[in-house]
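> Requesting a structural model of the entry that follows:
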Amino acid sequence: MNIGRFGPYAQHDKKFYSLKKEMDPYTVELEEIAPLIVEKRQAKDERTIKVFEKEKIQC
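This is a model prediction of the structure:
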């Protein structure tokens, strides 16, 4: 966890996930952040318009 220009965040697999306002970046545990990461990844996958042979096109 870290605090950046836009507030506290977690980094996983070279991607950044903003923490919720009620999460303290100094005391938050991985178990609290894991559902947040899964939720954000699912939302990103649902944005996919069409999957081509080698890549995804997103809006």
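> what residue ranges in the protein score low on pLDDT?
Scanning the chain with the threshold set as pLDDT under 70 gives 50-52, 55-59.
> can you do 90?
1-30, 36, 40-59 (pLDDT under 90).
> which residues of it fall in helices?
Using DSSP state H, the helices of the chain run over 30-46.
> Select the longest strand from it.
strand 7-12 (DSSP state E).
> Can you check what angle separates that one from helix 30-46?
Counting by axes from the mean of the first three to the mean of the last three Cα atoms, to 10 degrees, strand 7-12 lies at 80 degrees to helix 30-46.
> give the contact list for Glu32.
When contacts are counted by Cβ atoms under 8 Å, 6 or more residues apart in numbering, Glu32 touches Met23. C-beta here means a position set from N, CA and C on the backbone, and glycine is covered the same way.
> Now the longest strand of the chain - C-alpha only, PDB.
Taking Å, rounded to 0.1, in the frame of the first residue of the first chain, the C-alpha atoms of strand 7-12 are listed here in PDB:
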ATOM      1  CA  GLY A   7      -4.900   9.100  -2.600                       C
ATOM      2  CA  PRO A   8      -4.100   5.700  -1.100                       C
ATOM      3  CA  TYR A   9      -3.700   2.800  -3.400                       C
ATOM      4  CA  ALA A  10      -2.600  -0.800  -3.600                       C
ATOM      5  CA  GLN A  11      -0.400  -2.300  -6.400                       C
ATOM      6  CA  HIS A  12      -0.800  -5.800  -7.700                       C
END
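> Which strands border it, and is each parallel or antiparallel?
strand 2-4 (antiparallel), strand 15-18 (antiparallel) (DSSP bridges).
> Deepest-packed of those strands, please.
The highest mean neighbour count among these, using mean count of other Cβ atoms under 10 Å, belongs to strand 15-18: a mean of 14.
> From Leu19, how far out is Ile33?
7 Å (Cβ to Cβ, to the nearest Å).
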